[in-house]
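K.L.:
Let's see this in three dimensions:
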Amino acid sequence: MGFVLIFDIPEREAVEKVRINRELHRSEAKMIQNSVWKHENLNQLMDFAVRIRNLGGKASILEEKFIF
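P.N.:
Sure, this is the predicted structure:
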């Protein structure tokens, strides 16, 4: 089972958004769609969520459970 990070970063932080996306990719997270990433490691996603919120963005983490 994995976890899903959904986030939104203010436009003024565009450089940070690119940096976070690259770091998510390097951490072996899988992009589901723009600003939606799946990862098996909850602690790593929590670290990203805290960084995003510190930038003034919004971040939520969901436990992955596909029904259909």
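K.L.:
So Glu16 versus Met1, what's the distance?
P.N.:
29 Å (C-beta to C-beta, to the nearest Å). In this view, the C-beta of every residue, glycine as well, is placed from N, C-alpha and C.
K.L.:
The two: which has the busier surroundings?
P.N.:
Taking other C-beta atoms under 10 Å, Glu16 and Met1 do not tie; Glu16 has more neighbours (17 against 6).
K.L.:
which residues are contacting the helix or strand hosting the more buried one?
P.N.:
Element membership for Glu16, per DSSP states H and E: helix 14-26. Helix 14-26 is touched from outside by 5, 7, 9, 31, 37, 39, 48, 51-52, 55, with contacts defined as C-beta atoms under 8 Å, 6 or more residues apart in numbering.
K.L.:
in the chain, which spans are helices?
P.N.:
In the chain, the helices defined using DSSP state H lie at 14-26, 42-54.
K.L.:
Save these as a markdown table, and put in distance to Phe68 too.
P.N.:
Formatted as a markdown table, these follow (distance: least, C-beta to C-beta, whole Å):
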| stretch | distance to Phe68 |
| --- | --- |
| helix 14-26 | 26 |
| helix 42-54 | 24 |
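K.L.:
so which of the ones you listed gets nearest Lys65?
P.N.:
Across the helices of the chain, Lys65 has its closest neighbour in helix 42-54 (14.1 Å, C-beta to C-beta).
K.L.:
got a list of contacts for the closest one?
P.N.:
The contact list for helix 42-54, computed with C-beta under 8 Å, 6+ apart, reads 3, 5, 7, 9, 20, 23-24, 27, 29, 37, 39, 58-61.
K.L.:
Farthest-apart pair in these, please.
P.N.:
Within the contacts of helix 42-54, Ser27 and Lys58 form the most distant pair, 20.2 Å apart (C-beta to C-beta).
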